[in-house]
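> Okay, here's the prediction I keep looking at, along with the sequence it came from:
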Amino acid sequence: MKRNALMLSTLVWALSAAPYEKPRGVYVVLVGASEAPEAMALLTRPEVDGVTFYQGWRTFEPQEGAYQWESFDQVLLAAEKTGKRCIFSLNAGNWISNWVYEKGVKALGYRTGDDYMTGRIEVSDHRSPVPWDPVFLGTFSKTIRALGGRYGTRTNLVAVNVTGPAPENGLEPCMSMGGKDEALVLNGFTYERFAGAWETMIDVFSRAFPQKRLTVCTHDMFGSARDGRASAMIHQYGFSNLAPRYGISALFVTHDAWFEPSNESVKNITAFAGRGHTGMQLIRKYMKKNLPAADFEAALEKAQTIGRADWVEVFKDDALYAPYREILSRTHQKLLAMP
């Protein structure tokens, strides 16, 4: 009887469509066109409440105006058929086609190893737009308006990640630049200029998706320094101008001892967690390193207690890893039971 009641409450929640509906529960991260077809199978699982879908800008728009809708359509259709939810994220960073630079966008170069969008670490040379370059901001804004025009009123799309002015994965507001400060100095970096670029994109996303919640990640790495000023400015702007549909996320939750309230990076989270909406994503390492289920569960607990998560995100491999499934089921139940 208790299980039937839980299933009924979950169904009622899934079919509801309140204004500015908040993402809740367990979301699985799918990356790119190759993983989009897996949305349906994942969303039919009872412990999965939604899918967060990442697509690189160069894949979505390989030539100016030649939008490739198929993967976004596929994920959204799966959410609609299952009564579940999805979050969309169009990532720029180093996932940009040459035609963008041919418009005169200024690029910055750096060398780093980032497995975020590929699932494998490849140390190599990269380039990304200077985040505050006006041609870049204008060009990406046009693409976001097109995205909003197609999906902005679809009920099962519950939130959209604000993206754009971020090197590397195109999602987190930082400029780590492989730990080097030269690229910052050469391109006239200031925290105010960087935050201003994000404020511009917050406005663009807000107009493109006026019925949706918007989420901005938080981060603090700039060259060799850690500094939370930029995230603080960005989030203050978002909460001041877009309450109640603005919220934060963090993409580096782990069970490791450093992820505690006293850590400077975690303070970036706790300063804003619980306002608007909050999503916490586990670091992409648990199944890959065959870590014990207890470590995976401890990370999810920190996401909920320290991060005050409304929803947690795990990558596909973790969601499909059998030893973690019962933990995800318990997490799903706890998050949906929250008031």
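Nice, I can see it.
> just for this protein, where's the confidence low?
The chain contains residues with pLDDT under 70 at 1-18, 111-124.
> just the strands in it please.
25-31, 50-56, 85-91, 107-113, 123-129, 157-161, 213-217, 221-222, 225-226, 246-253, 278-282, 311-315 (DSSP state E).
> Just put the ones you listed in a markdown table and tack on distance to Ser265 and mean neighbour count.
Backbone N, C-alpha and C define where each C-beta goes, glycine included. Below are the strands of the chain laid out as a markdown table (distance: least, CB to CB, whole Å; neighbours: other CB atoms under 10 Å):
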| stretch | distance to Ser265 | mean neighbour count |
| --- | --- | --- |
| strand 25-31 | 20 | 25 |
| strand 50-56 | 21 | 26 |
| strand 85-91 | 21 | 26 |
| strand 107-113 | 18 | 16 |
| strand 123-129 | 22 | 16 |
| strand 157-161 | 19 | 25 |
| strand 213-217 | 12 | 24 |
| strand 221-222 | 8 | 19 |
| strand 225-226 | 7 | 13 |
| strand 246-253 | 7 | 24 |
| strand 278-282 | 13 | 25 |
| strand 311-315 | 17 | 27 |
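> quick one, which of those is nearest to Leu336?
Nearest of the strands of the chain to Leu336, taken as CB to CB: strand 25-31 at 5.4 Å.
> What is the closest one packed up against?
If contacts are counted by 3 or more CB pairs under 8 Å, 6 or more residues apart in numbering; DSSP states H and E, strand 25-31 sits against helix 39-43, strand 50-56, strand 311-315, helix 316-320, helix 322-337.
> The second one: partners in the sheet, and parallel or antiparallel?
In this case it means strand 50-56. Here strand 50-56 is paired, per DSSP bridges, with strand 25-31 (parallel), strand 85-91 (parallel).
> Just put the helices and strands packed on strand 25-31 in JSON lines and tack on distance to Asn263.
Shown next, in JSON lines, are the helices and strands packed on strand 25-31 (distance: least, CB to CB, whole Å):
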{"stretch": "helix 39-43", "distance to Asn263": "32"}
{"stretch": "strand 50-56", "distance to Asn263": "24"}
{"stretch": "strand 311-315", "distance to Asn263": "19"}
{"stretch": "helix 316-320", "distance to Asn263": "23"}
{"stretch": "helix 322-337", "distance to Asn263": "22"}
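> Ok, which of those comes nearest Met280?
Met280 lies closest to strand 311-315 among the helices and strands packed on strand 25-31, at 5.3 Å (CB to CB).
> hmm, who's touching the closest one?
For strand 311-315, the surrounding residues in contact (CB atoms under 8 Å, 6 or more residues apart in numbering) are 23-29, 31, 49-50, 52, 119, 249, 251, 253, 279-282, 284, 286-287, 300, 303-304, 324, 328, 331, 335.
> about what we covered before: compare the strands paired with strand 50-56 and give me the one nearest Pro261.
Nearest to Pro261 among the strands paired with strand 50-56 is strand 25-31 (23.7 Å), distances taken as CB to CB.
> For that closest one, C-alpha coordinates in PDB please.
This file holds the C-alpha atoms of strand 25-31, laid out as PDB (Å, rounded to 0.1, in the frame of the first residue of the first chain):
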ATOM      1  CA  GLY A  25      14.400  14.100  -8.000                       C
ATOM      2  CA  VAL A  26      17.100  12.200  -9.900                       C
ATOM      3  CA  TYR A  27      18.200  13.500 -13.300                       C
ATOM      4  CA  VAL A  28      20.600  11.600 -15.600                       C
ATOM      5  CA  VAL A  29      23.000  13.600 -17.700                       C
ATOM      6  CA  LEU A  30      23.100  12.700 -21.400                       C
ATOM      7  CA  VAL A  31      25.800  14.200 -23.600                       C
END
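> which residues touch the most centrally placed residue in the chain?
Central residue of the chain (CA atoms, centre = their mean): Asn161, 5.4 Å from the mean position. Neighbour list for Asn161: 52, 87-89, 171, 214-217, 249 [criterion: CB under 8 Å, 6+ apart].
> for Lys22, same thing?
158, 213, 277, 310.
> closest to Gly138 among the residues you listed?
Looking across the contacts of Lys22 and measuring by CB to CB, the closest to Gly138 is Arg213, at 24.8 Å.
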